[in-house]
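**Q** Quick one, structure for this:
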Amino acid sequence: MPKATVERLPLYLQCLQAMGDSETTVSSDVLANIAGVNSANVRKDLSYLGSHGVRGVGYDRLELCVQLRRALGLTDKWPVVIIGVGNLGSALANYQGFDPSGFNVIGLYDADPSKIGDPVDGHRIKSMEELELDIKEHDVQMAILTTPAGAAQEVADMLVGAGILSILNFAPALLKLPDTVKCRQVDLATELQILSYYQATRTA
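**A** The predicted model follows:
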């Protein structure tokens, strides 16, 4: 499945779930309009799921949600760990959207001894020494990294060594990882710089 298609699937799922149970079917045109994409892209993307809809009727909304969740690997909840419980890490730990989206945060970890044991949204912050054991015990394969830039690579190496295969990296650092590990970089400053470009060209 093309990368662009994979990146649009969560958007389609979000749009379908927001429509509510009163809508039993949805056309590619309507879904495209809500998602802000081309309707031809919607039809092509959904064809990878084996879903082609019914001419004049569209797609069964609930069945399409099931197909999207299956394609995204969301048939079961994925256990996730968060490393680095500063302001951003704490905010993510308190985020209520993980569970309904198919993810279960099983632990928060930090290297600062003064934070160990502090409660955050029903969890108690653990030391880094407990991380590897918890990863193995809960068969965790996904991690969220919110450490300072200087610590990010060392922690990432630790995660890989413990068996983590996917990292969502909020640390402002580019990680060097094995080809077997998937990493998504979320750099807030970069995103603002991109918005700044559009703002500057709008007012130029």
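**Q** Just list the residues touching the closest residue to Gly117 other than its chain neighbours, thanks.
**A** The shortest distance from Gly117 to any non-neighbouring residue, by C-beta to C-beta, 6 or more residues apart in numbering, is to Arg124 (5.5 Å). From N, CA and C alone the C-beta is placed, and that goes for glycine too. Contact analysis of Arg124 by C-beta atoms under 8 Å, 6 or more residues apart in numbering lists Leu108, Gly117, Asp118.
**Q** what do you get for Gly89?
**A** For Gly89, the contacting residues are Ile82, Ile83, Leu108, Asp110, Ile144, Thr146, by C-beta under 8 Å, 6+ apart.
**Q** residues contacting the residue most central in space within the chain?
**A** Note on the chain: the residue nearest the mean C-alpha position is Leu168, at 7.2 Å, using C-alpha atoms, centre = their mean. Going by C-beta under 8 Å, 6+ apart, Leu168 touches Met142, Ala143, Ile144, Leu145, Cys183, Arg184, Val186.
**Q** Now do it against Asn33, distance only.
**A** With distances taken as C-beta to C-beta, to the nearest Å, Leu168 is found 29 Å from Asn33.
**Q** Check for me that Ile82 belongs to a strand.
**A** Yes - with DSSP: H, G, I helix; E, B strand; the rest coil as the criterion, Ile82 is part of a strand.
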